[in-house]
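> Here is a sequence together with a model predicted from it:
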Amino acid sequence: DVKVTQSSRYLVKRTGEKVFLECVQDMDHENMFWYRQDPGLGLRLIYFSYDVKMKEKGDIPEGYSVSREKKERFSLILESASTNQTSMYLCASRLPGGANVLTFGAGSRLTVL
Amino acid sequence: GQQVMQIPQYQHVQEGEDFTTYCNSSTTLSNIQWYKQRPGGHPVFLIQLVKSGEVKKQKRLTFQFGEAKKNSSLHITATQTTDVGTYFCAVPNMNSGGYQKVTFGTGTKLQVIP
């Protein structure tokens, strides 16, 4: 089974802090995605990556950046956290072609005070 | 950009009643996927529909893709407490850079009253 591991399940940070959310998958998937989930808004795509060193903007990239230095790792960075970035962050990976199924990690719940 | 409307937002049913959630797109879709997220969990893939008018069944769950490939539904017959969770549809579409992304509907949260 594909495993997608998110490094932190719960984080509490202060406004203005730099925040790193890490995601690692163990099945050599090319595609990786970062979503945030908020009540009533579903899952909204922040950034995604089709391969190492590659990144593409999703629907709500403002205030975020990403890094994909190795195929298995996709990091989400909040350069200066703000209270409106308090949310559940979900990482997913996918093997392109075929069924295109997204496999999600357990999520990282971030609270910005 | 791609608009995916999912209704209803919430649904409370008595155990044993049926449940349906609908997903509507503003554009024709190449395929649609459905995911389930249990309370406190993460979304888990259920099924993918590709063909116009396609109907697929998984035990008490029936998934349907519209003839025009712009809408889809998930129907649960005789709900059980294990069906509790949020159901999402997900559709592929392109970002401004020409790369395929996956857009999720807003989800339908199902509560089953024993």
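It's in. Numbering: from 1, shown residues only, chains lettered A, B, ... in the order given.
> Run the chain-centre distance for the helix or strand bottoming out on mean pLDDT in chain A.
Counting by mean pLDDT, DSSP states H and E, the weakest-scoring helix or strand in chain A turns out to be strand A:56-57, with a mean of 92. Averaging C-alpha positions (Cα atoms, centre = their mean, to the nearest Å) puts strand A:56-57 12 Å from its chain's average.
> So that strand, near chain B or not?
Yes: using Cβ under 8 Å from any Cβ of the partner chain, strand A:56-57 reaches chain B at A:56-57. C-beta coordinates here come from the backbone N, C-alpha and C atoms, glycine included.
> low-confidence ranges in chain A?
A:1-2, A:96-99 (pLDDT under 70).
> what does it have sitting close to chain B?
Contacts of chain A with chain B, taken as Cβ under 8 Å from any Cβ, map to A:33, A:35, A:40-45, A:48, A:50, A:56-59, A:90, A:94, A:99-107.
> picking up where we left off before, indicate each strand paired with the helix or strand just after the least confident helix or strand of chain A and its parallel or antiparallel sense.
Going down the chain from strand A:56-57, the next helix or strand is strand A:65-70, by DSSP states H and E. Using DSSP bridges, the strands paired with strand A:65-70 are strand A:73-78 (antiparallel).
> all strands of the chain, in order?
Went with chain A since none was named. Taking DSSP state E as the criterion, chain A carries its strands at A:4-6, A:10-13, A:19-21, A:23-25, A:31-38, A:42-49, A:56-57, A:65-70, A:73-78, A:87-94, A:103-104, A:108-112.
> Actually, chain B is the one I wanted.
Listed in chain order, the strands of chain B (DSSP E) span B:4-7, B:10-14, B:19-25, B:32-37, B:44-49, B:55-58, B:61-65, B:71-76, B:85-94, B:100-104, B:108-113.
> tell me the most buried of those?
strand B:32-37 (a mean of 23; mean count of other Cβ atoms under 10 Å in any protein chain shown).
> okay, which residue is most central for the chain?
The chain I'm using is chain A. Taking Cα atoms, centre = their mean, the centroid of chain A lies closest to residue A:34, which sits 2.9 Å from it.
> I was after chain B.
For chain B, residue B:89 is the residue whose C-alpha lies nearest the centre (Cα atoms, centre = their mean; 3.5 Å).
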